[in-house]
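A.B. asks: Here is a sequence together with a model predicted from it:
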Amino acid sequence: MTTEQQTSLDELEKSLWETADSLRNESSLTSQMYYMPVLGIIFLRHATFRFRLIEKKLKESKNWPCRNGVPRPVRADDFIKESAMFVPENARYDYLTGLPENADICKAVNDAMKAIEDAMPVLKGVLPKTYNQLTPDLLRGLLRNFADEKISKLGDDAFGRIYEYFLGCFAPQVASDDGVFFTPKPIVRLIVSFLEPKKGIVLDPACGSGGMFISSGDFVSESGGNANQLLTFFGQEKTDTNGKICLMNMAVHGFDPSKIAYGEGANTFFNDAHHLRGKCNYVMANPPFNCHGLKGKSVLNDPRLVFGAPGVNKDDIVSNGNYLWIQYFYSYLNATGKAGFVMAASAPDADGNEQLIRSKLVKTGHVDSMLSVGNNFFFTKSLPCTLWFFDKQKPEKLKDKVLFLDMRNYFHVIDTTHNEWTPWQIRNISAIRWLWRGEKEKYAKLLKDYKAALSGLDVQVKAAGDPAKFRAEAEKVEAEKAKGWRNEKKELLRKAEKAEAIRKERDELAAERDWLVSKFGEKGTYEDIPGLCKSAAVADIEAKKWSLNPGSYVGVPPPPKDTVDFKSRMKEIHAELLKLQDESAALMKSIDKNLKGLGL
């Protein structure tokens, strides 16, 4: 996707959300009642788009049968051969938007969802069929909103991105199951960037809305591969609604959702649904933290607990499930597998049985890196967390090393309660690990990409013009008030804002490059940097009671150098003081004179 297309998509996503949210505000629906029907409409729109693409491809093929020069209509079995979904006529988006005003639109959309489930059995019982809760006017408004042809012009990928955008918008409103159905995309992307999935089995045993799968597929696609051919996605999700969101999410992205277990019987603590111990190439997850009250022999005698049971009370109840998750993830890996997951900030320092488990884990040589994440990255939790990474094919020279990264002070502020990593920041963080692993060619590629991006923005800055000049002209136009001056002023200010935005983007990108190069140089050489990164030996970790808390190793950054000349600054301060004293004396004289004039 080009920069221009991305900008168009960003604007379209915002516009679609504002319209959809405005429609809800005019109704009596809560976010809980509204978000599944909206996601269903996006799914329906995308299903029709993909159907039309495959239909066109089939009919334009050389061997497509014709009768009297008219191509034969497509059938369901034609789509099976293309590994695509056949959409029945009454479920096609253009059919629904073309229904007359007096048609029962709510029933029609419910019937459309049922028809798609019949055509694609893996979605049976998944799609929302509660459109009778919406008023006909509201539903028609939603259908019109997503009928915007700008979506189709942006291509197949746009639908998946819009679906994810809406998931992100709904997350803070719905806060489903304490908000765990949606992991912020920057967290997901960083995990995927570290693991670099290329081929094999990808497992997320706490898959929520399926973001790890989508991002893994995107990574493969961006690398020039076909995710459906190279990756096989397995997932578990204990919450029924979240599981349905995941299946819809995968289907709307064109990925196979048939290996996602959800709902009753899919709680990973009590059921290993896919029996993948020792079989996974990649494991990634954002599991619910600090689960307590887990009991039963099936939990404590689970073969996935390869390093032993965590701490239990006198009734054999596990007081905290974090080290169950950590061992599950490790046990699923094959001989060359990698894992990346989110965990509570307290987990790296847990004592008791957890400390013993951690020591065994570190001694395997498979703990690759640990990363601290600051506050406000999640929609419903403001607390910090840690990212853990395992790698069973870590370079031999690093087997007795662990990379610790403290990124609590490195982020982009969205607003007062939300932070994120930008795509360039994710690459910068990944670059530190590349250099630690000796992968200098990736660092060189990143600097090359920075150069290209900055050159492109330089061209845009020049083309956009001088914002100060536009604002000056706007003031002049307003002062002269010639005919049509308001529209002319508005256009000049629009140009100024556009030019300022491009300059800001360019400056921010340059700052990210400077941040990286100032620490590791143009050629890229890893070194420990206080407050940022530290390569620690197993012996160092043992000396700290097997702590895996990055803050215990990286330390604090040195205070910024004071570049102010003390004597010169004192002279400036003294001169300012004398000036203020003179002004104060003059003011007192003026006040005294005025008081005397009043006879006081």
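C.D. replies: Good, I have the coordinates. Residues are numbered from 1 along each chain as shown.
A.B. asks: isn't N419 right up against V413?
C.D. replies: Yes. With contact defined as C-beta atoms under 8 Å, N419 counts as touching V413 (5.8 Å). In short, each C-beta sits where N, CA and C put it, glycine included.
A.B. asks: And the two? Which one has more around it.
C.D. replies: A count of neighbours by other C-beta atoms under 10 Å puts N419 above the other of N419 and V413, at 21 against 10.
A.B. asks: residue closest to the middle of the protein?
C.D. replies: K185 (0.6 Å; C-alpha atoms, centre = their mean).
A.B. asks: need the contact list for that residue.
C.D. replies: E164, G168, G211, S215 (C-beta atoms under 8 Å, 6 or more residues apart in numbering).
A.B. asks: Most neighbours of all those, which one?
C.D. replies: Within these, neighbour counts (other C-beta under 10 Å) peak at G211, which reaches 27 neighbours.
A.B. asks: Who are the contact partners of that one?
C.D. replies: Residues near G211 by C-beta under 8 Å, 6+ apart: E164, L167, F182, T183, K185, V188, N249.
A.B. asks: So which of these sits lowest on pLDDT?
C.D. replies: On pLDDT alone, F182 ranks lowest of the contacts of G211, at 66.
A.B. asks: Show me how the chain divides into domains.
C.D. replies: Structural domains assigned to the chain are 3-163, 185-437, 447-525, 562-600, following automatic domain parsing.
A.B. asks: quick one: the last one to chain centroid distance?
C.D. replies: Its chain's C-alpha centre and that of domain 562-600 lie 55 Å apart, by C-alpha atoms, centre = their mean, to the nearest Å.
A.B. asks: How about the longest one?
C.D. replies: Put simply, domain 185-437 sits 14 Å off its chain's centre (C-alpha atoms, centre = their mean).
A.B. asks: What's the end-to-end length of it?
C.D. replies: Domain 185-437 has its terminal residues 25 Å apart, counting by C-alpha to C-alpha, to the nearest Å.
A.B. asks: swap in the third one?
C.D. replies: Distance across domain 447-525, first residue to last, is 13 Å (C-alpha to C-alpha).
A.B. asks: which of the contacts of K185 lies closest to L127?
C.D. replies: Relative to L127, the closest of these is E164; by C-beta to C-beta it sits at 18.0 Å.
A.B. asks: quick one on the thing from earlier: give me the phi and psi for the residue nearest to the centre of the chain.
C.D. replies: Dihedral pair for K185: phi -60, psi -40, per degrees, to the nearest 10.
A.B. asks: any idea which helix or strand of this structure has the worst average confidence?
C.D. replies: Lowest on mean pLDDT, DSSP states H and E among the helices and strands of the chain sits helix 156-174, with a mean of 72.
A.B. asks: Report the buried residues of the top strand by length along the chain.
C.D. replies: Counting residues, the longest strand found in the chain (DSSP state E) is strand 333-344. Under the neighbour-count criterion of 16 or more other C-beta atoms under 10 Å, strand 333-344 has L333, N334, G337, K338, A339, G340, F341, V342, M343, A344 buried.
A.B. asks: just checking, next helix/strand downstream of it?
C.D. replies: Downstream of strand 333-344, the first helix or strand assigned by DSSP states H and E is helix 353-363.
A.B. asks: got a list of contacts for that following helix?
C.D. replies: 307-311, 320, 322-323, 326-327, 330, 347-348, 350, 367, 402, 538, 541-542, 545-546, 548.
A.B. asks: Helices of the stretch 451-600 of the chain, residue ranges please.
C.D. replies: 467-480, 485-520, 538-543, 551-554, 566-597 (DSSP state H, counting those that start in this stretch).
A.B. asks: Turn those helices into a markdown table, columns for mean neighbour count and distance to K394.
C.D. replies: Supplementary listing: these in a markdown table, determined by neighbours: other C-beta atoms under 10 Å; distance: least, C-beta to C-beta, whole Å:
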| stretch | mean neighbour count | distance to K394 |
| --- | --- | --- |
| helix 467-480 | 15 | 50 |
| helix 485-520 | 15 | 20 |
| helix 538-543 | 15 | 12 |
| helix 551-554 | 20 | 18 |
| helix 566-597 | 10 | 50 |
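A.B. asks: Which among those helices is found nearest to K107?
C.D. replies: helix 485-520 (45.3 Å).
A.B. asks: that older thread, what subset of the contacts of helix 353-363 is buried?
C.D. replies: Among those, those buried by neighbour count (16+ other C-beta under 10 Å) are 307, 309-311, 320, 322-323, 326-327, 330, 347-348, 350, 367, 402, 538, 541, 546, 548.
A.B. asks: Take the residues you listed and keep only those in strands.
C.D. replies: Per DSSP E, the subset of those in strands is V367, V402.
A.B. asks: number of nearby residues for F51?
C.D. replies: Other residues close to F51 by other C-beta under 10 Å number 20.
A.B. asks: what's the answer for the one 10 residues further on, then?
C.D. replies: By other C-beta under 10 Å, 9 other residues sit near S61.
A.B. asks: what kind of secondary structure is it in?
C.D. replies: At S61 the chain is in coil, as set by DSSP: H, G, I helix; E, B strand; the rest coil.
A.B. asks: Can you name the residues that contact it?
C.D. replies: Taking C-beta under 8 Å, 6+ apart as the definition, S61 has no contacts.
A.B. asks: can you redo the contacts of K185 as CSV with distance to S15?
C.D. replies: Listed next are these as CSV, based on distance: C-beta to C-beta, whole Å:
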residue, distance to S15
E164, 16
G168, 15
G211, 23
S215, 24
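A.B. asks: Return the closest of these with respect to Y262.
C.D. replies: Distances from Y262 to those, taken by C-beta to C-beta, are shortest for G211, at 14.9 Å.
A.B. asks: From G531, how far out is the closest one?
C.D. replies: 30 Å (C-beta to C-beta, to the nearest Å).
A.B. asks: Over to E11?
C.D. replies: Taking C-beta to C-beta, one finds E11 at 38 Å from G531.
A.B. asks: between the two, which one's more packed in?
C.D. replies: Taking neighbours as other C-beta under 10 Å, E11 and G531 compare with G531 leading, 14 against 11.
A.B. asks: so what pLDDT did the residue nearest to that one when sequence neighbours are not counted get?
C.D. replies: If the residues on either side of it in the chain are set aside, G531 comes closest to P557, at 2.9 Å by C-beta to C-beta, 6 or more residues apart in numbering. At P557, the pLDDT value in this model is 80.
A.B. asks: need the contact list for P557.
C.D. replies: Taking C-beta under 8 Å, 6+ apart, one finds I529, P530, G531, L532 in contact with P557.
A.B. asks: Now the two most distant members of the buried residues of strand 333-344.
C.D. replies: The widest separation within the buried residues of strand 333-344, taken as C-beta to C-beta, falls between N334 and A344 and amounts to 26.8 Å.
A.B. asks: Quick check: nearest residue in space to G200, chain neighbours excluded?
C.D. replies: Leaving aside its sequence neighbours, G200 is closest to N281 (3.0 Å, by C-beta to C-beta, 6+ apart).
A.B. asks: Report the mean confidence score over the strand or helix carrying that neighbour.
C.D. replies: If you go by DSSP H and E, N281 is part of strand 280-285. What strand 280-285 shows for mean pLDDT is 98.
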